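Engineer: Sequence and predicted model, in that order:
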Amino acid sequence: MHRHFASLDNWHKLPILFAGVVSLITLAACSVTSEQPALPAAIVDSTPTLGNPSPTALSKWALATADAQRDIEFRTAVALSPTIDKSQLSFGTPEPTWTPQMGMLPGCVNATPRGPQCLSAWRGVVNGQITDVQAGQYGSGGDELQGLVLVHTWGQAQDDIYDTPQRVGAVRIATVNGTLFTLTPDDPQYQVTFYFDLASRQWTPSTPGPSPSVPVSPMPSVSPLPTQQP
């Protein structure tokens, strides 16, 4: 009977022993785990692969490709474009071509009162060149009683001046016949006429007369027949 009660006392101690064994096993496992070295963190490769590029790299590559394609298309279009003839380009309404007035001119423009003073002028083409002929007198810087003829050829800087044969003041162009100019004094008290040949650039004594005509011999008169007597 005493042994039976003694064995019952040992059974009450079993849970305590079991808990102690479990604690020892847990401590042993922790010590083993703490002694193992920690695994290194996974190395992440940030370099994008060709098979799966990152969004940023893909957008840059696409923009560069698009720019290159546009450049090729532009160069091709320029190469295939026809050549533009700039001489045929016109901007706005073309200006009318200025044509100089020919013949007797309506008036004169004097640059200064001291220089030659123009009273009348003529313009024409002589030897293929536009030529102006002005008639007048010297200004306040010269002899105002001296008449003159001024000849200006377009494209030449030098003017040619020819004094009238007499000092009668200013003269005007009265008529023009081919290259022969007839000039008269502006002052009516001078009753004289001058003739200037533009072709020879000389004063002529008088206007050329008409061409001589072939003399025609008069027809002989017919005498009446004498009256016959029956």
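Structural biologist: Great, that's in hand. Here the structure is a predicted model, which is why all the values come from computation and not from measurement.
Engineer: Show me the strands in this protein, by range?
Structural biologist: Taking DSSP state E as the test, the strands found in the chain are 103-104, 117-126, 129-137, 147-153, 160-163, 171-177, 180-185, 194-197, 202-204.
Engineer: Among those, which comes closest to F74?
Structural biologist: Proximity to F74, assessed across those by CB to CB, is greatest for strand 129-137 (52.1 Å). Backbone N, C-alpha and C define where each C-beta goes, glycine included.
Engineer: who does the closest one touch, helix- and strand-wise?
Structural biologist: Here strand 129-137 is seen to pack against strand 117-126, strand 147-153, strand 171-177, strand 180-185 when contacts are counted using 3 or more CB pairs under 8 Å, 6 or more residues apart in numbering; DSSP states H and E.
Engineer: Let's have the ones you listed in a markdown table, adding mean neighbour count, mean pLDDT and distance to A199.
Structural biologist: Conversion of the helices and strands packed on strand 129-137 to a markdown table gives the following (neighbours: other CB atoms under 10 Å; pLDDT from 0 to 100; distance: least, CB to CB, whole Å):
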| stretch | mean neighbour count | mean pLDDT | distance to A199 |
| --- | --- | --- | --- |
| strand 117-126 | 17 | 96 | 8 |
| strand 147-153 | 20 | 97 | 11 |
| strand 171-177 | 17 | 97 | 12 |
| strand 180-185 | 20 | 97 | 8 |
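Engineer: would you turn the ones you listed into TSV with distance to I72?
Structural biologist: Below are these laid out as TSV (distance: least, CB to CB, whole Å):
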stretch	distance to I72
strand 117-126	60
strand 147-153	61
strand 171-177	72
strand 180-185	74
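Engineer: of all those, which lies closest to T193?
Structural biologist: strand 180-185 (5.7 Å).
Engineer: now for the closest one, which elements pack on it?
Structural biologist: Using 3+ CB pairs under 8 Å, 6+ apart, strand 180-185 is in contact with strand 129-137, strand 147-153, strand 171-177, strand 194-197.
Engineer: Dump the ones you listed to a markdown table, plus distance to L119.
Structural biologist: Putting the helices and strands packed on strand 180-185 into a markdown table (distance: least, CB to CB, whole Å) gives the following:
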| stretch | distance to L119 |
| --- | --- |
| strand 129-137 | 4 |
| strand 147-153 | 9 |
| strand 171-177 | 5 |
| strand 194-197 | 14 |
